[in-house]
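**Student:** Turn this into a structure:
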Amino acid sequence: MIDPRLKYADAITLNRIRFLHPAIREKVREAYLTVNYKLLGKGVRLRFPYTHRTNETQDRIYAQGRTVFFDFKGNRLGIVTYAKGGQSIHNYGLAWDIVLLLDKDGSGSFETASWDVTADYDGDLIADWLEVVEYFKSELGATWGGDWTGKKVDKPHFQLDFGFSWRQLKERLLNRAITEEVIDGVKYEWVRLD
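**Tutor:** Numbering: from 1, shown residues only. Modelled structure (predicted):
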């Protein structure tokens, strides 16, 4: 039997979840499917724009607003992250970012992205973003970047880090405390969390 929640899921996000650390992959997938099926209204979908990031991707994002000032359209870029490659929980497959997709024209294309944390697009009197936050925190035990203080507040960010800092995860990786997995013909090294 096909899971009815898949009808409300974003295929791009389901693919990206495949690249999360094996210790959290299925739990996050289940939570993601439930959020779309039960919490968000018909015209709203949740997308994960980022899950696992390579160090190279992390460095490219880190450069935005520092050494890369404009995108290909000439738009000014601001700082996106304070973490270089190896310094983000994303680099270990233990973090994901979110964005809400809106189907404003009713076509089912979900053509508009929103990072508005106060909007109630589905009309249930609860901000959709905060519904997602509360679900991921309560059901997964995820840390939300919106709870951080200072300039590092990161409202799209969630992580399940098992109590490890990026420094500890990097050290485990360098000491080869890893497991390996091949996904789509590419070998991934996952830090052991035991």
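**Student:** residues in contact with the closest residue in space to Gly85 that isn't next to it in sequence?
**Tutor:** Nearest residue to Gly85 in three dimensions, chain neighbours excluded: Asn55, at 3.0 Å (CB to CB, 6 or more residues apart in numbering). The way it works is simple: take the backbone N, C-alpha and C, and place the C-beta from them, glycine included. Counting by CB atoms under 8 Å, 6 or more residues apart in numbering, Asn55 touches 85-86, 91.
**Student:** With distance to Asp184 added, can I get the residues you listed in TSV?
**Tutor:** Formatted as TSV, these follow (distance: CB to CB, whole Å):
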residue	distance to Asp184
Gly85	21
Gly86	23
Asn91	19
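**Student:** Which ones among those map onto strands?
**Tutor:** Judged by DSSP state E, strands contain none of those.
**Student:** most neighbours, which of those residues?
**Tutor:** Most neighbours among the contacts of Asn55, by other CB atoms under 10 Å: Asn91, with 23 neighbours.
**Student:** Could you export the longest helix that the chain contains as CSV, keeping only the C-alpha atoms?
**Tutor:** Looking across the chain with DSSP state H, the single longest helix is helix 22-34. Taking Å, rounded to 0.1, in the frame of the first residue of the first chain, the C-alpha atoms of helix 22-34 are listed here in CSV:
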residue,chain,number,x,y,z
PRO,A,22,21.6,7.2,8.7
ALA,A,23,21.0,7.7,12.4
ILE,A,24,18.4,10.4,11.7
ARG,A,25,17.3,9.8,8.2
GLU,A,26,14.2,7.8,8.8
LYS,A,27,13.0,9.8,11.8
VAL,A,28,13.4,13.0,9.9
ARG,A,29,11.6,11.6,6.9
GLU,A,30,8.7,10.4,9.0
ALA,A,31,8.4,13.8,10.7
TYR,A,32,8.6,15.6,7.4
LEU,A,33,5.8,13.5,5.9
THR,A,34,3.6,14.0,9.0
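**Student:** can you list the residues that contact that helix?
**Tutor:** For helix 22-34, using CB under 8 Å, 6+ apart, the contacting residues are 3, 5-6, 8-9, 13-14, 17-18, 20, 46, 48, 93-94, 96, 135-136, 139-140, 160, 162, 179, 181, 190, 193.
**Student:** Mind listing what's buried along it?
**Tutor:** The neighbour-count check on helix 22-34 (16 or more other CB atoms under 10 Å) flags 23-25, 28-29, 31-33 as buried.
**Student:** so after it, what's the next helix or strand?
**Tutor:** Going down the chain from helix 22-34, the next helix or strand is strand 44-50, by DSSP states H and E.
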